[in-house]
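> sequence unknown, structure follows:
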């Protein structure tokens, strides 16, 4: 995670910008790193295309590796004219990332289900 300050802010009113990618970020919008796994352990993580389930951490056979954001990006880049989302639902955190112009941008976050 990289933490930077908004260069447009003046004085003590500097806004913290958090980014999850090693590429330039859209201001104030966290992104998923390509090596982020689509899994949370206790809870659920999954990817959808136009609300159709593409992959789910619960469907990964024991001993296999979980998919990563980079794996999903390959699918999304080949079929970009759809609403691609990666969802994480954990006990103390939930988040939804949406593919926007090749970036996976945080669009929703919450306090989880516990």
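Nice, thanks for sending it over. These numbers come from a predicted model, not from an experiment.
> where do the helices sit along the chain?
Using DSSP state H, the helices found in the chain span residues 69-78.
> I'd like to know how far residue 98 sits from residue 39.
Counting by Cβ to Cβ, to the nearest Å, the separation of residue 98 from residue 39 is 19 Å. The way it works is simple: take the backbone N, C-alpha and C, and place the C-beta from them, glycine included.
> please identify which of those two sits among more neighbours.
A direct count of neighbours by other Cβ atoms under 10 Å for residue 98 and residue 39 places residue 39 higher, at 19 against 16.
> so that one versus residue 99, what's the distance?
When distances are taken as Cβ to Cβ, residue 39 and residue 99 turn out to be 19 Å apart.
> what residues are bridge-paired with residue 108?
With beta bridges defined as DSSP bridges, residue 108 has these partners: residue 96.
> I'd say it and residue 88 touch.
No: with contact defined as Cβ atoms under 8 Å, residue 108 does not count as touching residue 88 (10.2 Å).
> overlap in contacts of these two?
Common contacts of residue 108 and residue 88 (Cβ atoms under 8 Å, 6 or more residues apart in numbering): 94, 95, 96.
> dump those to TSV, plus distance to residue 103, pLDDT and neighbour count.
Formatted as TSV, the entries for these read as follows, by distance: Cβ to Cβ, whole Å; pLDDT from 0 to 100; neighbours: other Cβ atoms under 10 Å:
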residue	distance to residue 103	pLDDT	neighbour count
94	20	91	19
95	15	93	19
96	14	95	16
